[in-house]
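> the following comprises the amino acid sequence and a computationally predicted model.
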Amino acid sequence: MGKNIAEKIFASHRVDNPFGDIHVIRLDAVFCHEITTPVAINDLVERGLDRVFDPAKIKAVIDHVTPAKDSKTATQGKILRDWANRHGIKDFFDIGRNGVCHAIFPEKGFVRPGYTVIMGDSHTCTHGAFGAFAAGVGTTDLEVGILKGVCAFHYPESIKIEIRGSLPEGVFAKDTILTIIGKLGVNGATNKVIEFCGEVVDNMSMEERMTLCNMAIEAGGTCGICAPDMTTVEYLWPFISDEFSSREDALKAYQQYCADPDATYAETITINGDELVPVATFGFKPDQIKPVSEMSDTRVDQVYIGSCTNGRIEDLRVAASVLKGKKIKDWVRGIVSPASPAIYNNALDEGIIKIFMDAGFCVTNPTCGACLGMSNGVLAEGEVCASTTNRNFNGRMGKGGTVHLMSPASAAATAITGYITNSDIYQQGGNS
Ligand SMILES: CC(C)[C@H](C(=O)O)[C@@H](O)C(=O)O
Ligand code: SF4
């Protein structure tokens with residue numbers, strides 16, 4: 001019987017099947033950040049197990065609150081930093097070189113098709129964009145991963161989501177995934193892998209695929225996943241050109257992880273890309289969505305552009321194309337956090353940072369910060385934020401605050417009017 005992508009990855013990484021549907025798989029990478037890994041480190045130290053399975057396969061970054069805002073966050077950073085130094089973890093990204101984990105790790109070429117990756121972070125599903133099985137885990141799994149390089153999973157069933165046709169002008173990967181979550185509901189993919197396919201996905205850049213996979217967890221999915229293709233190979237080529245004699249060879253090797261034509265799925269959903277419109281969330285769950293055009297009476301206090309969902313260069317480019325030559329509304333606080341130093345640098349070189357600043361945005365260093373209401377843009381009670389992030393939970397960006405999730409284009413248009421606004425009003429041009 002044919003296999004889907006996750007089944008192929010499990011088949012090639014399985015080291016044990018101790019009972020039932022529990023499968024122990026070998027890990028190609030364990031990613032770490034300063035919020036969840038210190039808990040695991042302290043526990044391992046206390047148990048006399050202060051070891052790592054392979055320092056080259058562990059990648060660590062201080063990203064959630066950086067620069068540290070208080071003693072507590074400084075200590076969390078210190079625990080991660082000391083641990084990385086003590087174990088010779090070379091891929092450790094500290095202040096000045098750090099960025100949001102799910103932006104910086106792919107950018108460094110750390111994720112490849114067919115890889116298995118865990119991290120103590122729910123948006124680890126982002127890395128499935130590369131045709132990898134990447135899942136967020138809790139402290140115990142993280143400790144086992146760090147020590148032994150393995151992780152136990154329930155054998156995952158997959159939901160296939162085929163997005164046909166093409167996206168209309170002004171509709172983006174973010175609108176697509178929000179619409180999908182709206183259809184699935186926040187528990188619609190619980191413990192399942194969401195395999196995205198179809199013409200729309202085939203035509204997406206790696207950044208757009210990351211936006212898609214990033215929010216799989218918001219429908220309960222263990223991982224989002226896209227089949228590796230030439231777009232994947234092109235993105236990875238600077239990192240893999242020593243391994244393969246040509247891009248075609250790389251593609252051939254990676255295609256072993258594409259789904260078989262007769263693969264089976266728990267469910268198959270077909271979406272017509274041509275029918276999608278710009279959407280935003282209302283309420284406190286990511287499946288509560290409405291067309292942006294129906295939300296024009298929602299006034300916002302803050303607009304945030306950043307995060308592992310939409311803080312990449314293509315996101316900043318599209319937002320800047322909306323903002324160029326305009327000023328944001330006087331009552332709006334605009335904040336943009338490029339998700340990594342490379343993104344920040346590119347945005348500087350392309351004149352994007354200047355466009356943001358001229359429009360009245362504050363530009364922060366690369367960090368999660370405002371996304372989870374920890375720093376650099378926390379909301380006050382009763383305030384409303386239009387945000388390119390992935391969670392609109394009650395109080396997410398600050399106690400008593402409300403978050404409306406949307407694309408960078410919609411967020412930029414909203415900053416200009418001060419009310420939730422469709423970028424159509426300002427933007428003529430491409431979909432990039
Ligand atoms: C801090 C971390 C545990 C958390 C997560 O896992 O998602 C954070 O990244 C978030 O987005 O809320
Ligand atoms: S940017 Fe937001 S969602 Fe992404 S890892 Fe950081 S806190 Fe979590």
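Looks like it came in fine. Ligands and ions are numbered 1, 2, ... in the order given.

> show the contacting residues for the residue in the stretch 1-150 of the chain that ligand 1 sits nearest to.
At 3.5 Å from ligand 1, S122 is the closest residue in the stretch 1-150 of the chain, using C-beta to the nearest ligand atom. For glycine as for every other residue, the C-beta is placed from the backbone atoms N, C-alpha and C. In this structure, S122 makes contact with G136, I217, judged by C-beta atoms under 8 Å, 6 or more residues apart in numbering.

> tell me the pLDDT of it.
With respect to pLDDT, S122 has a value of 98.

> next one: Q427
Turning to Q427, the model gives it a pLDDT of 55.

> residues touching the closest residue to ligand 2 within the stretch 101-250 of the chain, list them.
Closest to ligand 2 within the stretch 101-250 of the chain is H123: 4.7 Å, counting by C-beta to the nearest ligand atom. Shown here is H123, whose contacts under the criterion C-beta under 8 Å, 6+ apart are H102, G136, N214, I217, C308, T309, N390.

> Three-state assignment for it, please.
Reduced to three states with DSSP: H, G, I helix; E, B strand; the rest coil, the structure at H123 is helix.

> does P261 touch N4 like I think?
No: shown here, P261 and N4 do not form a contact pair, counting by C-beta atoms under 8 Å, at 10.9 Å.

> looking at these two, which one has more neighbours?
More crowded of P261 and N4, by other C-beta atoms under 10 Å: N4, with 24 against 6.

> any idea how far that one is from ligand 2?
In this structure, N4 and ligand 2 are 26 Å apart, going by C-beta to the nearest ligand atom, to the nearest Å.

> domain parsing of the chain, as residue ranges.
Under the assignment automatic domain parsing, the domains of the chain span 5-271, 280-425.

> please identify the most buried of those.
For the domains of the chain, average neighbour numbers computed from mean count of other C-beta atoms under 10 Å are highest in domain 280-425, which has a mean of 22.

> tell me what the longest helix along the chain is packed against?
With secondary structure taken from DSSP state H, the chain has its longest helix at helix 71-86. Packing partners of helix 71-86 (3 or more C-beta pairs under 8 Å, 6 or more residues apart in numbering; DSSP states H and E): helix 37-46, strand 58-61, strand 92-93.

> for ligand 1, what are the nearby residues on this structure?
If contact is defined as C-beta under 6 Å from any ligand atom, the residues of the chain in contact with ligand 1 are I35, T36, H64, D121, S122, H123, G136, L372.

> possible to save the residues you listed as a markdown table with distance to A74?
Below are the residues of the chain next to ligand 1 laid out as a markdown table (distance: C-beta to C-beta, whole Å):
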| residue | distance to A74 |
| --- | --- |
| I35 | 13 |
| T36 | 17 |
| H64 | 13 |
| D121 | 20 |
| S122 | 24 |
| H123 | 24 |
| G136 | 25 |
| L372 | 18 |
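
> re earlier: could you dump the contacts of H123 into a markdown table and include distance to M357?
Shown next, in a markdown table, are those (distance: C-beta to C-beta, whole Å):
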| residue | distance to M357 |
| --- | --- |
| H102 | 26 |
| G136 | 35 |
| N214 | 27 |
| I217 | 33 |
| C308 | 23 |
| T309 | 23 |
| N390 | 26 |
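
> for these, which one is nearest ligand 1?
Each of the contacts of H123 was checked against ligand 1 using C-beta to the nearest ligand atom; the closest is G136, at 5.7 Å.

> returning to what we had before: inside strands: which ones of the contacts of H123?
Within the contacts of H123, membership in strands is found for G136, as judged by DSSP state E.

> wait, isn't S340 in contact with I104?
Yes: S340 is in contact with I104 according to C-beta under 8 Å; the separation is 4.5 Å.

> which SSE is L236 in?
Take DSSP states H and E as the rule and L236 turns out to sit in helix 230-240.

> which residues does that helix contact?
Applying C-beta under 8 Å, 6+ apart, the contact partners of helix 230-240 are 108-109, 112-113, 130-131, 204-206, 209, 226, 247, 250-251, 254.

> what's the first helix or strand after it?
Next element after helix 230-240 (DSSP H and E): helix 247-254.

> hang on, the earlier thing: next one: the helix holding L236 to chain centre, how far?
Centroid separation between helix 230-240 and its chain, computed with C-alpha atoms, centre = their mean, to the nearest Å, is 19 Å.

> repeat that for stretch 128-143.
In this view, stretch 128-143 has its centroid 13 Å away from the chain centroid, taken as C-alpha atoms, centre = their mean.

> export it as PDB, just CAs?
Coordinates of each C-alpha in stretch 128-143 appear next as PDB, following Å, rounded to 0.1, in the frame of the first residue of the first chain:
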ATOM      1  CA  GLY A 128       7.400  20.700   7.700                       C
ATOM      2  CA  ALA A 129       7.500  23.100   4.800                       C
ATOM      3  CA  PHE A 130      10.800  21.400   3.800                       C
ATOM      4  CA  GLY A 131       9.100  17.900   3.700                       C
ATOM      5  CA  ALA A 132      10.300  17.200   7.200                       C
ATOM      6  CA  PHE A 133       8.400  15.700  10.200                       C
ATOM      7  CA  ALA A 134       8.800  18.500  12.800                       C
ATOM      8  CA  ALA A 135       6.900  18.500  16.000                       C
ATOM      9  CA  GLY A 136       6.600  20.500  19.200                       C
ATOM     10  CA  VAL A 137       7.200  18.400  22.300                       C
ATOM     11  CA  GLY A 138       7.000  18.700  26.100                       C
ATOM     12  CA  THR A 139       9.800  18.700  28.600                       C
ATOM     13  CA  THR A 140      10.200  14.900  29.000                       C
ATOM     14  CA  ASP A 141      10.400  14.300  25.300                       C
ATOM     15  CA  LEU A 142      12.800  17.100  24.900                       C
ATOM     16  CA  GLU A 143      15.000  15.600  27.700                       C
END
